[in-house]
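Asks: need the 3D shape of this:
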Amino acid sequence: MKTRMVFGIVFMMFVLVQTGIPGGKGDIQKYFNDTAVRVKAATDPEQKRAILDKSLQTMSQALEKVEKFSLVSQNDRLGVNRFKMALKAKQDELKGLNGYERVADSQLNAFSDYVVQDMEQAERYVTISIVTVILVVIILLLL
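Replies: Model (predicted):
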């Protein structure tokens, strides 16, 4: 498993360099945009909810794994933690936990757009280095 992960990381770094991706923040935004597209394509509210929940969980798992890398600076760990807190708030809102009212089935498409917009804004106030963002993208691709 470690060999596979190391190979995946090395491979993705070559891919990112070859394609000229400067940071990867666009890839995180694309991840959430793709989620919103899948939510809007689904017809069943439970399926929409499951897509959103899985997407938020996957991103949270990727961020947790990135925090464990020794390459990640303390400043980046703080930024990753803030980003994780924003994701947790969205998960709580989706499920109606921790004081949030559960997102109504009829509002799931709008909520998916809201998540995309909020994560775009989070990129502005959460500073994470390029190395950390690339690690997040790689782990997302491996999950």
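Asks: quick one: the helices in this protein, in order.
Replies: For the chain, the helices defined by DSSP state H occupy 2-19, 25-41, 45-68, 74-95, 108-125, 130-142.
Asks: any weak-confidence spans in this structure?
Replies: For the chain, the stretches with pLDDT under 70 are 1-27, 122-143.
Asks: swap the cut-off to 50 and go again
Replies: Low-confidence segments of the chain, defined by pLDDT under 50: 16-24, 125.
Asks: quick one, what contacts Ala42?
Replies: Residues in contact with Ala42 (C-beta atoms under 8 Å, 6 or more residues apart in numbering) are Lys48, Ile51. Every residue, glycine included, has its C-beta placed from N, CA and C.
Asks: please repeat the previous calculation with a cut-off of 6 Å.
Replies: Listed by C-beta atoms under 6 Å, 6 or more residues apart in numbering, the contact partners of Ala42 are Lys48.
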